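> sequence first, predicted coordinates after that:
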Amino acid sequence: MIEPDHRPGTPAEALAELLAGNHRFVTGGRLHPHQDAERRAALAEAQRPFAVVFGCSDSRLAAEIIFDRGLGDLFVVRTAGHIVGPEVLASIEYGVTVLGAPLVVVLGHDSCGAIRATFDAMTGNPPPAPGLSAIIDRVLPSLRAANVQQITDLDEAAAVHVQRTIDQITQHTTLAEAVTAGQCATVGMTYRLADGHVTVTASVTIP
Ligand SMILES: [Zn+2]
C-alpha cells in the first residue's frame, strides 16, 4: 500500500515500489498516487524522485503510467532505443548525485523499433530514414554482442541491449562511485507491450 509521505530511500525499497506499481498496472488495480493538487503544491519548491528511469521513447512505455506513480516520483530520461550519449549520462548523473535517487532503471521493451531498424541495417536493408544512423550506430554493438552469444530473437537481443546500456552508465565515473558507495544501484528491465508486465533482466547487487 502506498504511504503518500514515504519516499523509498534505498535501492531495494525503490525497486520494490516500482515492481509493486507495475503489478497494480498489470492487474488493473492502479492507485494513481501523487497525481493531485496537494502533491503538485508540495513539490513546487523541490523534487526528490526515488528512481531515475532511462527508457526507450516508445509511446507505449510511459514510466509514470506503467509503474503507477505520479508527480515527483520518477526522474525520467528517454531516447529512442535508450541510446546513450553525453546528455543522457549527465541527466542520469543529475538524478543520482543532485536529486539523490537511489535507483537507476534502464527500461527496454519487446518489438522495439530501434532494435528492428538496427537489425535491418545489419542484414543489408536500408534504414527507414537516413537521419536514423545515430540510433542505429549506437544499438549496433549490442546486436553484435547478441550475435556472438548466438541470440537470434530480437526481444532477447533487446535484453542484451539493456545490459550493455547499464554497462555504459556504470562505467561513467561519478555514477560508478555512487554505486560503489551503496547510494545507488542500477537495474535493467524489459517491458512487454501486450500485457504491460515488467521483468527485471539485469541488476547489480542491491545494497
Ligand atoms: Zn523502443
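Structure's in. What do you need?

> could you use CA atoms for every contact and neighbour count after this?
OK.

> and the closest residue to residue 23 other than its chain neighbours, backbone torsions?
Nearest non-adjacent residue to residue 23, counting by Cα to Cα, 6 or more residues apart in numbering: residue 197, 7.5 Å away. Taking degrees, to the nearest 10, you get phi -80, psi 130 for the backbone angles of residue 197.

> can you offset everything so residue one is 45?
Okay, using 45 as the starting number, the last item reads as residue 241.

> packing partners for the lowest-mean-pLDDT helix or strand in the chain?
Every helix and strand in the chain was compared by mean pLDDT, DSSP states H and E; the lowest is helix 217-224, with a mean of 83. When contacts are defined as 3 or more Cα pairs under 8 Å, 6 or more residues apart in numbering; DSSP states H and E, helix 217-224 packs onto helix 198-214.

> what angle do the helix it packs on and helix 217-224 make?
Taking axes from the mean of the first three to the mean of the last three Cα atoms, to 10 degrees, one finds that helix 198-214 is oriented at 100 degrees with respect to helix 217-224.

> what's helix 198-214 packed up against?
By 3+ Cα pairs under 8 Å, 6+ apart, helix 198-214 packs against strand 147-153, helix 157-166, helix 177-192, helix 217-224, strand 229-235, strand 242-247.

> nearest to the ion, of the ones you listed?
With respect to the ion, and counting by Cα to the ion, the nearest of the helices and strands packed on helix 198-214 is helix 157-166 at 5.3 Å.

> so what touches that closest one?
For helix 157-166, the external contacting residues (Cα atoms under 8 Å, 6 or more residues apart in numbering) are 124-125, 170-172, 179-181, 183-184, 187, 198, 202.

> which ones are touching the residue in the chain positioned nearest to the ion?
The ion sits closest to residue 156 of the chain, with a gap of 3.7 Å, by Cα to the ion. Residues counted as contacts of residue 156 (Cα under 8 Å, 6+ apart) are 102, 125, 199, 202.

> of these, buried ones?
Among the contacts of residue 156, the ones that count as buried by 16 or more other Cα atoms under 10 Å are 102, 125, 199, 202.

> closest to residue 219 among those?
residue 125 (21.0 Å; Cα to Cα).

> so that closest one: helix, strand or coil?
With DSSP: H, G, I helix; E, B strand; the rest coil as the basis, the three-state label of residue 125 is helix.

> isn't it right next to residue 176, touching?
No - with contacts counted by Cα atoms under 8 Å, residue 125 stays clear of residue 176, the gap being 11.2 Å.

> circling back: and the least confident helix or strand of the chain, how far out from the chain's middle?
18 Å (Cα atoms, centre = their mean, to the nearest Å).

> repeat that for stretch 170-178.
Its chain's C-alpha centre and that of stretch 170-178 lie 24 Å apart, by Cα atoms, centre = their mean.

> circling back to that earlier point, near the ion, which of the buried ones among the contacts of residue 156 show up?
Among the buried ones among the contacts of residue 156, the residues that sit close to the ion (Cα under 5 Å from the ion) are 102, 125.
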